[in-house]
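Enquirer: I'd like to go over a predicted model; first the sequence, then the structure.
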Amino acid sequence: MSTQFTVGGHRWRLKYCPNGVDKGTADYIGIYLILDETVAKSVKAQYQFRFADEVVEDPVKLDEKDSFDSHRGWGYSMFLTREELEGSEHLKNDSFAVRCDIILINEFRTEDTPQSFVEVPPSDMHQHLADLLQTGRGADVVFNVGGTMFTAHRWMLAARSPVFNAELFGMMKESDNGRVVHIHDLKPRVFKALLFFIYTDMFPDMTEEEDDDATMAQHLLVAADRYGMERLKLISEEKLCKYIDVDSVATILTLAEQHHHGS
């Protein structure tokens, strides 16, 4: 039996029978291709044996077609007689090499698939909510952040942050609708970025802002911790990991420790 080899995702071996397979083939050399694995159903393949040093001018045509079952194979019980082999030019130093060409036959099955006549575009909900934030339509709460005023929607803030939910619908009553909420622990540009994430679930684009991604990520990590927004925390941490270097490592590690994300 030859060593195992792989063709078409299946494992195979060649079996060499120097004295045939029974009394009737005792004067012949037999050779077989064995499927050396367990399969659920038969593997269909074409195969052909020839001497490895045999010169073939035209491409080899594989005519044999058989179904190979688990640990069983197909081949020739009378590949050639021992006498023919001994007188053959292929026998050199009492040895010869056999080549086996294999082609796997895939069975394709056609199935009826429903044809779609309507192309559904990706969701653009974040764009609509961003427009809602920018225009302030229906806004019912005003924030004063360092002298900069921001309008927003209580229901959106409460849905996205447990802290906003408690502050806007717990401690404050419905009669406080006209009250301005003062934010003292965030800079205006950071609160603006926080609102953008609340409405769109996206990290703000810093290309047009004075802060870069790393700086804003540090500020938003603090804001996310303040308002209980775990997803924003993780996004900010991920961005900060990309910018850790000798100059920033101390600051970033201090932030992580302060907000309970030290490693």
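Expert: That came through fine. Numbers count the residues shown, from 1 in each chain.
Enquirer: so where do the helices sit in the chain?
Expert: Ranges of helices within the chain are 82-86, 125-135, 154-160, 162-166, 188-200, 213-226, 230-241, 249-258, based on DSSP state H.
Enquirer: In JSON lines, list those along with mean pLDDT, distance to Ala52 and mean neighbour count.
Expert: Yep, even glycine has a C-beta here, placed from its N, CA and C like the rest. As requested, these are exported to JSON lines (pLDDT from 0 to 100; distance: least, Cβ to Cβ, whole Å; neighbours: other Cβ atoms under 10 Å):
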{"stretch": "helix 82-86", "mean pLDDT": "84", "distance to Ala52": "14", "mean neighbour count": "13"}
{"stretch": "helix 125-135", "mean pLDDT": "93", "distance to Ala52": "64", "mean neighbour count": "14"}
{"stretch": "helix 154-160", "mean pLDDT": "95", "distance to Ala52": "70", "mean neighbour count": "18"}
{"stretch": "helix 162-166", "mean pLDDT": "94", "distance to Ala52": "74", "mean neighbour count": "16"}
{"stretch": "helix 188-200", "mean pLDDT": "95", "distance to Ala52": "66", "mean neighbour count": "20"}
{"stretch": "helix 213-226", "mean pLDDT": "89", "distance to Ala52": "61", "mean neighbour count": "20"}
{"stretch": "helix 230-241", "mean pLDDT": "88", "distance to Ala52": "56", "mean neighbour count": "17"}
{"stretch": "helix 249-258", "mean pLDDT": "56", "distance to Ala52": "62", "mean neighbour count": "14"}
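Enquirer: Could you save those helices as CSV and add columns showing distance to Phe143?
Expert: Output for these, formatted as CSV (distance: least, Cβ to Cβ, whole Å):
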stretch, distance to Phe143
helix 82-86, 94
helix 125-135, 12
helix 154-160, 9
helix 162-166, 10
helix 188-200, 7
helix 213-226, 13
helix 230-241, 17
helix 249-258, 24
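Enquirer: Identify whichever of the ones you listed lies nearest to Leu35.
Expert: helix 82-86 (26.2 Å; Cβ to Cβ).
Enquirer: what comes into contact with that closest one?
Expert: Here helix 82-86 makes contact (Cβ atoms under 8 Å, 6 or more residues apart in numbering) with Pro18, Asp27, Tyr28, Ile29, Leu91, Phe96.
Enquirer: Settle this for me: the fourth one is touching Gly20, isn't it.
Expert: Yes. Applying Cβ atoms under 8 Å, one finds Ile29 in contact with Gly20, separated by 7.4 Å.
Enquirer: More neighbours: the two, which one.
Expert: When neighbours are counted by other Cβ atoms under 10 Å, Ile29 comes out ahead of the other of Ile29 and Gly20, with 21 against 18.
Enquirer: which residues does the more buried one form a beta bridge with?
Expert: Leu80 (DSSP bridges).
Enquirer: if I look at Phe68, how far off is Leu104?
Expert: When distance is defined by Cβ to Cβ, to the nearest Å, Phe68 is 10 Å away from Leu104.
Enquirer: sorry, back to before: show me the two of the contacts of helix 82-86 that sit farthest apart.
Expert: So for these, where distance means Cβ to Cβ, the most widely separated pair is Asp27 and Phe96, at 17.1 Å.
Enquirer: Name the residue in Phe68 and Leu104 with the higher neighbour count.
Expert: Using other Cβ under 10 Å as the criterion, Phe68 and Leu104 rank with Phe68 on top: 23 against 14.
Enquirer: Could you break this protein into its assigned domains?
Expert: According to automatic domain parsing, the chain comprises the domains 5-104, 125-258.
Enquirer: Ends of the first one, what's the gap?
Expert: Domain 5-104 has an end-to-end distance of 14 Å (criterion: Cα to Cα, to the nearest Å).
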